[in-house]
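> sequence and computational prediction follow.
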Amino acid sequence: MRGLRSVLRRRAATLTATLAAVLVAGTLSGTSVSQAATSQPCDLYAAGGTPCVAAHSTTRALYGAYDGALYQVRRASDNATRDIGVLGAGGYANAAAQDSFCAGSSCVITVIYDQTGRNNRLTQAPPGGFNGPAAGGYDKLANATMAPVTLNGNRAYGVFVSPGTGYRNNATNGIATGDRPEGMYALFDGTHYNDGCCFDYGNAETNSRDNGNGTMEAVYFGNSRGWGSGAGNGPWVMADLENGLFSGVNPGNNANDPTVNHRFLTAIVKGEPNHWAIRGGNAQSGGLSTYYNGVRPNASGYNPMKKEGAIILGIGGDNSNSSAGIFYEGVMTSGYPSDATENAVQANIVAAGYTPGSGGGTALNTGSTISLRATTACCTTSFLSHSGTSVATAVVTSTSAATDKANASWIVRPGLANSACRSFESRNTPGSYLRHQNFQLYLHPNDGSVLFANDATFCSQAGVNGQGNSLVSYNFADRYIRHYANTGYVASNGGSNPFDATALWPDDVSWAVAVPWTP
């Protein structure tokens, strides 16, 4: 036995040294887009003996040699599609290609390619136990520009999941089934979440339905308390094992699973026969912490597991799709990764240099007061304004009444639902904010509810028509603030409502940020 332990120690030391050498090589080469990275996360997993069987990212290559497409976008103006690749082998996403292709229109992410060569790509999730809001009961596709980010100064975009958005692959190749071991990590925005079910990435049922306890194994992030929770108020990294979000060995609360809200969050779940773990850490600095490491949950149906091998993103195994989150990259492995392998992957993620990106356009500084002028040719003297609770466009000039000027002036506040976005408080009605209700804009007093916060939060981007800013609904990410027949709406680029008309849409959703009529 003593001899065997010595051999195992030597093997562990060799593996650690190998991973360290691979990581150093990747770190040295990964800082330049003109030089291919020699090591990325899936190279590290392979070196650890647990190769990737699925690798998804819209921001960078997850292999040092990968030079293919990361994802595909579809343009609303003509339904044309384009694959978005990398700047060089092992490098960052070619965001400029997306910006050029989508200019003057809006785009959605239609495919997230699998970099392993197994074709485990993610596409629009079909209906299952729950229907989505898109045609045929499918889930929505993510707005391609809602999650801007930079990696070591290189612009890229994540996958912005608002409620009703989801991706899936029910016919995979090489994903663990039954009680076979696997690991997975996902890189999330730790500030964008909700308590809906279920913002997951990982292994799920192949028929998009709840097939019973233990039929899925996915990493979950959010602050749902319906099945499990950790310390504090959340959000938490937990495991979705079907009919349970588990934060430890027991159903319900496990205090060792901490609240985590890093701006960029590495979240890990891994499992093997009667053993699983949760790990997590700040994707911008430092290492990983282990939140749970032990036997399968103390509840029937989870030992042995009955995993089915589909892959989901942004939804639960039965297509429950009321969740919110942002995904940047993630992988699934064959075999149970060692902590040493995951630690090396975490160091690689930190070295990638994730930092928040800008949506472009004029900076909307919190605390400032602005007016929003229409850029459509018909209406360049009209401003977004309110009269009572109604919100519309109104012509305002230097000779207008003081009340009219104040009605067209807005104080920029941190987004009530997410401080990375913005909310707009009336200049002359303190405590009342611009919000949407049934897709129409209103001025309502803040009632403190989660719904109000979501409805009153808008994310700023460069103007779709190349002028000013466009303002996207936080909880309906395919809808932009638009003026139509002088009334304010949140409108999609094509849809069933008259205000979703494609004619003039790029101009109607672009607003010049003007000096306020009432400072």
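Yep, it's here.

> which parts of the stretch 1-150 of the chain are strands?
Across the stretch 1-150 of the chain, reading from the start of the chain, the strands by DSSP state E, counting those that start in this stretch fall at 52-57, 71-75, 81-84, 107-112, 122-124, 148-151.

> N343: which of those strands is closest?
For the strands of the stretch 1-150 of the chain, distance to N343 was read as CB to CB. The smallest value, 16.7 Å, belongs to strand 52-57. C-beta coordinates here come from the backbone N, C-alpha and C atoms, glycine included.

> any chance of JSON lines for the strands of the stretch 1-150 of the chain, columns distance to F160?
Shown next, in JSON lines, are the strands of the stretch 1-150 of the chain (distance: least, CB to CB, whole Å):
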{"stretch": "strand 52-57", "distance to F160": "15"}
{"stretch": "strand 71-75", "distance to F160": "13"}
{"stretch": "strand 81-84", "distance to F160": "15"}
{"stretch": "strand 107-112", "distance to F160": "9"}
{"stretch": "strand 122-124", "distance to F160": "15"}
{"stretch": "strand 148-151", "distance to F160": "10"}
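
> and for the nearest residue to G431 once chain neighbours are set aside, the neighbour number?
Closest residue in space to G431, ignoring its immediate chain neighbours: P445 at 5.4 Å, by CB to CB, 6 or more residues apart in numbering. In terms of burial, P445 registers 14 neighbours under the definition other CB atoms under 10 Å.

> surely P445 and S432 touch.
Yes - taking CB atoms under 8 Å as the contact criterion, P445 and S432 are neighbours in contact, 4.8 Å apart.

> tell me the secondary structure at the nearest residue to K270 once chain neighbours are set aside.
Of all residues beyond its chain neighbours, the one nearest K270 is G183 (3.7 Å), with distances taken as CB to CB, 6+ apart. Recorded secondary structure, G183: strand (DSSP: H, G, I helix; E, B strand; the rest coil).

> residues in contact with the strand or helix carrying Y489: which ones?
If you go by DSSP states H and E, Y489 is part of strand 487-491. For strand 487-491, the surrounding residues in contact (CB atoms under 8 Å, 6 or more residues apart in numbering) are 384, 391-393, 436, 439-441, 473, 476, 479-484, 497, 499-500, 505, 508-509.

> alpha carbons only: can I get that strand in PDB?
Listed in PDB are the C-alpha atoms of strand 487-491, where the atom choice follows Å, rounded to 0.1, in the frame of the first residue of the first chain:
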ATOM      1  CA  THR A 487     -46.400  57.100 -28.800                       C
ATOM      2  CA  GLY A 488     -43.600  55.400 -26.900                       C
ATOM      3  CA  TYR A 489     -43.200  51.600 -27.000                       C
ATOM      4  CA  VAL A 490     -40.700  48.900 -26.500                       C
ATOM      5  CA  ALA A 491     -40.800  47.300 -30.000                       C
END
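
> the next helix or strand after it packs against which elements?
Per DSSP H and E, strand 487-491 leads on to helix 505-508 as the next helix or strand towards the C-terminus. For helix 505-508, the elements it packs on are strand 480-484, judged by 3 or more CB pairs under 8 Å, 6 or more residues apart in numbering; DSSP states H and E.

> same for the strand it packs on, what does it pack against?
When contacts are defined as 3+ CB pairs under 8 Å, 6+ apart, strand 480-484 packs onto strand 382-387, strand 469-473, strand 487-491, helix 505-508.

> if you compare these, which one is most tucked away?
strand 469-473 (a mean of 27; mean count of other CB atoms under 10 Å).

> mind exporting that strand as PDB, just the C-alpha atoms?
Taking Å, rounded to 0.1, in the frame of the first residue of the first chain, the C-alpha atoms of strand 469-473 are listed here in PDB:
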ATOM      1  CA  ASN A 469     -28.100  55.600 -28.500                       C
ATOM      2  CA  SER A 470     -30.600  52.800 -28.700                       C
ATOM      3  CA  LEU A 471     -32.200  51.600 -25.400                       C
ATOM      4  CA  VAL A 472     -33.000  48.000 -25.000                       C
ATOM      5  CA  SER A 473     -35.500  46.600 -22.500                       C
END
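
> got the angle for it vs strand 382-387?
Here the directions of strand 469-473 and strand 382-387 differ by 40 degrees (axes from the mean of the first three to the mean of the last three CA atoms, to 10 degrees).

> what is the mean pLDDT for strand 469-473?
When pLDDT is averaged over strand 469-473, the result is 98.

> same check on stretch 289-301?
Predicted confidence along stretch 289-301 averages 98 (mean pLDDT).

> gap between it and the chain center?
Average the C-alpha atoms of stretch 289-301, do the same for its chain, and the two points are 27 Å apart (CA atoms, centre = their mean, to the nearest Å).

> what's the answer for stretch 405-421, then?
That offset, for stretch 405-421, works out to 23 Å (CA atoms, centre = their mean).

> what residues of that stretch count as buried?
Taking 16 or more other CB atoms under 10 Å as the basis for neighbour counts, the residues of stretch 405-421 that come out buried are 405-413, 415-418, 420-421.

> likewise for stretch 148-165?
Judged by neighbour count using 16+ other CB under 10 Å, the buried positions of stretch 148-165 are 148-151, 154-165.

> ok, then the element right after the helix or strand containing I411?
Secondary structure assigned from DSSP H and E places I411 in strand 410-414. For strand 410-414, the succeeding helix or strand toward the C-terminus, using DSSP H and E, is strand 422-426.

> now that next one: how far from the chain's centre is it?
Using CA atoms, centre = their mean, the distance between the centre of strand 422-426 and that of its chain works out at 24 Å.

> mind listing what the closest residue to L504 other than its chain neighbours touches?
Among residues not flanking L504 along the chain, T376 sits closest, at 5.9 Å (CB to CB, 6+ apart). The neighbours of T376, taking CB under 8 Å, 6+ apart as the test, are 483, 504, 507-508.

> apply 6 Å and report the result again.
The contact partners of T376, by CB atoms under 6 Å, 6 or more residues apart in numbering, come to 504, 507-508.

> and those residues as a markdown table, adding pLDDT and distance to H275?
As requested, the contacts of T376 are arranged in a markdown table below (pLDDT from 0 to 100; distance: CB to CB, whole Å):
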| residue | pLDDT | distance to H275 |
| --- | --- | --- |
| L504 | 98 | 59 |
| D507 | 98 | 58 |
| D508 | 98 | 56 |
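
> okay, and the beta partners of N154?
Beta-bridge partners recorded for N154 (DSSP bridges): L151.

> relative to R413, how far out is the spatially most central residue of the chain?
Centroid-nearest residue in the chain: I326, 1.3 Å away (criterion: CA atoms, centre = their mean). For I326, the distance to R413 under the criterion CB to CB, to the nearest Å works out to 21 Å.

> can you check G183 too?
For G183, the distance to R413 - CB to CB - is 41 Å.

> G64 too?
44 Å.

> again with R209
Separation of R209 from R413 (CB to CB): 42 Å.

> now do H386
H386 sits 16 Å away from R413, going by CB to CB.

> D200 now?
32 Å.

> go on, F246?
Summarising the geometry, the distance separating F246 from R413, computed by CB to CB, is 37 Å.

> which residues sit against stretch 148-165?
Outside of stretch 148-165, the residues that reach it under the criterion CB under 6 Å, 6+ apart are 58-60, 92-93, 95, 132-133, 139-140, 142-143, 146-147, 314, 321-322, 324-328, 352-355, 357, 359, 475, 477.
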